[in-house]
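[1] Sharing a model that was predicted from the sequence below.
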Amino acid sequence: MKKKTFSEKVYAFTKQIPRGKVATYGQIARLAGNPCAARAVGMCMKKNPYIPLVPCHRVVGSDGNLTGYSVREGLVTKKAILLAEGVVFRGDKVDLQRSLWTQ
DNA sequence: TGATTGACAGCGT
DNA sequence: CACGCTGCCAATC
């Protein structure tokens, strides 16, 4: 049976995010099959048992606002990583217009 | 098993 | 533009 858990799907999609691009929690939730499970996505990311497998730092808020990543101070690192990846930043937020992951 | 949490999203004020 | 409230989902305690 291919009945994967919601979290498994979330990790799978997040893992597919190309370098230099970012996805929103809502988008991941939507790809996973539940457009309203953005919160659940965030929680699974926090737990993230696939740390080296899932680049959770490529997942941002609906407005491109960086959230979570361990602690507030961690957002600085997250931003640095994304910037290094080639993601376009607009102040303290990601320029979704430029770096939103679109299949 | 039940109740609570949590890295969201959308809308209104 | 900034802030607050509500609704939804899954995982965790």
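    Great, that's in hand. Numbering: from 1, shown residues only, chains lettered A, B, ... in the order given.

[2] Find the residue at the geometric middle of chain A.
    Chain A has A:V59 as the residue nearest its centroid, 1.4 Å off, counting by Cα atoms, centre = their mean.

[3] Distance check, it against DNA strand C.
    As defined by Cβ to the nearest atom of the strand, to the nearest Å, A:V59 lies at a distance of 15 Å from DNA strand C. In this view, the C-beta of every residue, glycine as well, is placed from N, C-alpha and C.

[4] contacting residues for whatever residue of chain A ends up closest to DNA strand C?
    Residue of chain A nearest DNA strand C, by Cβ to the nearest atom of the strand: A:A40 (2.9 Å). Counting by Cβ atoms under 8 Å, 6 or more residues apart in numbering, A:A40 touches A:6-7, A:10, A:29, A:34.

[5] Run the chain-centre distance for the helix or strand harbouring it.
    Element membership of A:A40 [criterion: DSSP states H and E] is helix A:38-47. Centre-to-centre, helix A:38-47 and its host chain are 10 Å apart (Cα atoms, centre = their mean, to the nearest Å).

[6] Could you give me the buried positions within it?
    Across helix A:38-47, burial judged by 16 or more other Cβ atoms under 10 Å covers A:38, A:40-42, A:44-45.

[7] before we move on, back to that, so which of the contacts of A:A40 reach DNA strand B?
    When the contacts of A:A40 are checked against DNA strand B using Cβ under 7 Å from any atom of the strand, none falls in range.

[8] would you list these in JSON lines and tack on secondary structure and pLDDT?
    Shown next, in JSON lines, are the contacts of A:A40 (DSSP: H, G, I helix; E, B strand; the rest coil; pLDDT from 0 to 100):
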{"residue": "A:F6", "secondary structure": "helix", "pLDDT": "92"}
{"residue": "A:S7", "secondary structure": "helix", "pLDDT": "92"}
{"residue": "A:V10", "secondary structure": "helix", "pLDDT": "94"}
{"residue": "A:A29", "secondary structure": "helix", "pLDDT": "95"}
{"residue": "A:N34", "secondary structure": "coil", "pLDDT": "93"}
